[in-house]
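Visitor: just need the structure, nothing else, for what follows:
(chains A and B)
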Amino acid sequence: MRKALALPLVSILSLIILWELSVDYFDVPKFLLPAPSLILCALIDNQELFLQSTINTLTITISALLAALFSGIFLALCFSLSRTFEAAFYPLAVILQVTPIVAVAPLVLIWVGIDNVNRALIIIAWLAAFFPILSNMSAGLKSVDRTLNDLFKLYGASNWQRFHLLLWPTAMPYLLASLKVSGGLALIGTVVAEFVAGSGGAQGLAWRILEAGNRLQTEKMFAGLLLLAIIGMIIFYAFSLLEYRLLKYRR
Amino acid sequence: MTNQSITLKDLSFAYDDIHPILTGLSWDIQKGHIYSLLGKSGCGKSTLLRLIAGLETPDKGSVDIQTNTPPAFVFQEPALLPWASVYHNIKLPVSLGAASASTAEIESYISLLGLDGLEDRYPAQLSGGQKMRVSIARALTQKAEILLLDEPFAALDEPLRFELNDLLLSLQDRLKMTVIFVTHSVYEAAYLADAAVVLNMGKLQSILPLDHNRSLPSSKQRSSHQFADNAARIFRALEEA
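Guide: Just a heads-up that it's a prediction; the model follows:
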């Protein structure tokens, strides 16, 4: 475990040091590639602004992910209960998934974002995040062991007992795997939505990056990028930890 | 008081319209005996067990269970909940309301099956033999008078099979259950069963009563003339099938 933590830390630190020294040695203009120390300064100088933007982006991402989680589970349960319902609605879910989110985002902003941009941002990020949860949860609910099914039938289990003692735990590994993917997708969806929304009220990190880019403040762009990467990492590792804890029985 | 525990009358069953599995099978199953079901692949051994357990419904005929408790079933795979501990797997029939056994009783089954100290382990942390023991302990928790086993030891190596065969014999001796087990192994049937039942073309072809001298140690029983004779009779019946 220590090795697993130490190795990436050493490689990242080495890269940062190499970056700092190279920029100085080759005299690279700061609007092209600012030194890591400059990025850190930009982060500290604008900490309140970045903190507020981080909170905004994180709020949108988590809201979209929660919406994706509940809607994905709910739809997957409906699919498992009715083949007709699945046949009717699964293609629609696929259409939502395969249509590029950047192309859909302006429409969503017009429909629901004029008076409340955050609502549009959440919907766009939800669109990006919900499909992996739906498809994995559906697969999980269908993967129940036939013999265990027979066993529950033999013991005269009720539908509720069958659901919470057999179906739900069977689907859990599928759901947890999808959360690691959807967590990242919710963040990507939020960033895309903020970019498309532009100055129309969005206050998140993507908007800060866009704003800094327009002013050629590359160090601020990197600072925003760094925070986005940290959020993405935290989401991924939080779900990995949850998976590690909840699926202990597999080891 | 009848000495029968199950009566099968004119039982017919098919999974589709083309291939009948059982065709008018009748059988009076005596209390407290061990029966082994043998026959070619696809002759309906497992289906017959599933019909007795109530996992399938006969197309024709009837399954009459004359015991106070429904039969317990041990599948070919241990069929354990991977996310539940050994203890909770064994307790499953109680958790689902299919049986009532106290904690002390569950613990006694754990001891009986030699699973002491493994209660908190998950199935992934057990060996194949231990998993099968958990599966049998779970079936015992039902306190059923009839125990159905569908090739329970098929996936295990020979020494472990022998060990579990002896365990099954000692359990039957203690609990006096009616045991019906499907097997492909003539030697397993020759060693375990009071009667070998050969199925052919969806019907009972023959019921062969088998003799044993249970006072001998298992290794002696397996090398006795009685055992060889039991096996030879089963082989002959299977050849005729």
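
Visitor: all helices for the stretch 1-150 of chain A, in order.
Guide: Ranges of helices in the stretch 1-150 of chain A, per DSSP state H, counting those that start in this stretch, are A:2-26, A:36-45, A:47-81, A:83-98, A:101-112, A:117-142, A:146-154.

Visitor: the second one versus helix A:47-81: what angle between them?
Guide: Helix A:36-45 runs at 90 degrees relative to helix A:47-81, counting by axes from the mean of the first three to the mean of the last three CA atoms, to 10 degrees.

Visitor: what angle separates helix A:36-45 from helix A:2-26?
Guide: If you take the same axes, to 10 degrees, helix A:36-45 sits at 100 degrees to helix A:2-26.

Visitor: what does helix A:36-45 contact?
Guide: Contacts made with helix A:36-45 from outside it, assessed by CB atoms under 8 Å, 6 or more residues apart in numbering or on different chains, are listed as A:16, A:19-20, A:30, A:34, A:50, A:217, A:219-220, A:222-223, A:226-227. Glycine gets a C-beta too; all of them are placed from N, C-alpha and C.

Visitor: centre of the chain to it, how far?
Guide: 26 Å (CA atoms, centre = their mean, to the nearest Å).

Visitor: longest helix in chain B, please.
Guide: Determined from DSSP state H, the single longest helix within chain B is helix B:158-175.

Visitor: right, and the helix or strand after it?
Guide: The helix or strand immediately downstream of helix B:158-175 is strand B:178-182, counting by DSSP states H and E.

Visitor: list the contacts of that following strand.
Guide: Against strand B:178-182 from outside (CB under 8 Å, 6+ apart): B:5-6, B:29-38, B:45-46, B:49, B:52, B:67, B:145-152, B:168, B:172, B:192-193.

Visitor: and the residue lying closest to A:Ala157 once chain neighbours are set aside, what is it in contact with?
Guide: Using CB to CB, 6 or more residues apart in numbering or on different chains and skipping residues adjacent in sequence, the residue nearest A:Ala157 is B:Leu96, 4.9 Å away. B:Leu96 is in contact with A:Phe152, A:Tyr155, A:Gly156, A:Ala157, A:Gln161, A:Leu165, counting by CB under 8 Å, 6+ apart.

Visitor: right, and the first one touches A:Arg162 too?
Guide: Yes. Judged on CB atoms under 8 Å, A:Phe152 makes contact with A:Arg162 at a distance of 5.3 Å.

Visitor: more neighbours: which of these two?
Guide: Applying other CB atoms under 10 Å in any protein chain shown to A:Phe152 and A:Arg162 shows that A:Phe152 carries more neighbours, namely 21 against 18.

Visitor: re earlier: out of the contacts of B:Leu96, which sit inside strands?
Guide: The members of these all map outside strands under DSSP state E.

Visitor: so which helix or strand takes in the nearest residue to B:Asp211 once chain neighbours are set aside?
Guide: Leaving aside its sequence neighbours, B:Asp211 sits nearest to B:Gln226 (CB to CB, 6+ apart; 5.2 Å). Per DSSP H and E, B:Gln226 falls inside helix B:225-240.

Visitor: list the buried ones in that helix?
Guide: B:Phe227, B:Asn230, B:Ala231, B:Arg233, B:Ile234, B:Ala237, B:Leu238 (16 or more other CB atoms under 10 Å in any protein chain shown).

Visitor: tell me the contacts of B:His212?
Guide: Listed by CB under 8 Å, 6+ apart, the contact partners of B:His212 are B:Tyr191, B:Asp194, B:Gln221, B:Gln226, B:Phe227, B:Asn230.

Visitor: any chance of CSV for those residues, columns pLDDT?
Guide: Output for the contacts of B:His212, formatted as CSV (pLDDT from 0 to 100):
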residue, pLDDT
B:Tyr191, 96
B:Asp194, 96
B:Gln221, 93
B:Gln226, 93
B:Phe227, 94
B:Asn230, 95
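
Visitor: near the spatially closest residue to A:Ser80 that is not a sequence neighbour, how many other residues are there?
Guide: Using CB to CB, 6+ apart and skipping residues adjacent in sequence, the residue nearest A:Ser80 is A:Leu141, 4.2 Å away. Applying other CB under 10 Å, we find 21 residues neighbouring A:Leu141.

Visitor: may I see the buried residues of helix B:225-240 organised as a markdown table, with distance to B:Leu115 added?
Guide: Shown next, in a markdown table, are these (distance: CB to CB, whole Å):
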| residue | distance to B:Leu115 |
| --- | --- |
| B:Phe227 | 30 |
| B:Asn230 | 31 |
| B:Ala231 | 32 |
| B:Arg233 | 36 |
| B:Ile234 | 32 |
| B:Ala237 | 37 |
| B:Leu238 | 35 |
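
Visitor: alpha carbons only: can I get the helix holding B:Gln226 in CSV?
Guide: Once non-C-alpha atoms are left out, helix B:225-240 reads as follows in CSV (Å, rounded to 0.1, in the frame of the first residue of the first chain):
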residue,chain,number,x,y,z
HIS,B,225,-16.8,-58.2,-1.4
GLN,B,226,-20.1,-56.6,-0.5
PHE,B,227,-19.0,-53.3,-1.9
ALA,B,228,-17.7,-54.9,-5.1
ASP,B,229,-20.9,-56.9,-5.5
ASN,B,230,-23.0,-53.7,-5.0
ALA,B,231,-20.9,-51.9,-7.7
ALA,B,232,-21.2,-54.9,-10.1
ARG,B,233,-25.0,-55.0,-9.7
ILE,B,234,-25.3,-51.3,-10.4
PHE,B,235,-23.0,-51.5,-13.5
ARG,B,236,-25.2,-54.4,-14.8
ALA,B,237,-28.4,-52.4,-14.3
LEU,B,238,-26.8,-49.4,-16.1
GLU,B,239,-25.7,-51.5,-19.0
GLU,B,240,-29.2,-52.7,-19.4
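
Visitor: what about it, distance to the chain center?
Guide: Using CA atoms, centre = their mean, the offset of helix B:225-240 from its chain centre is 20 Å.
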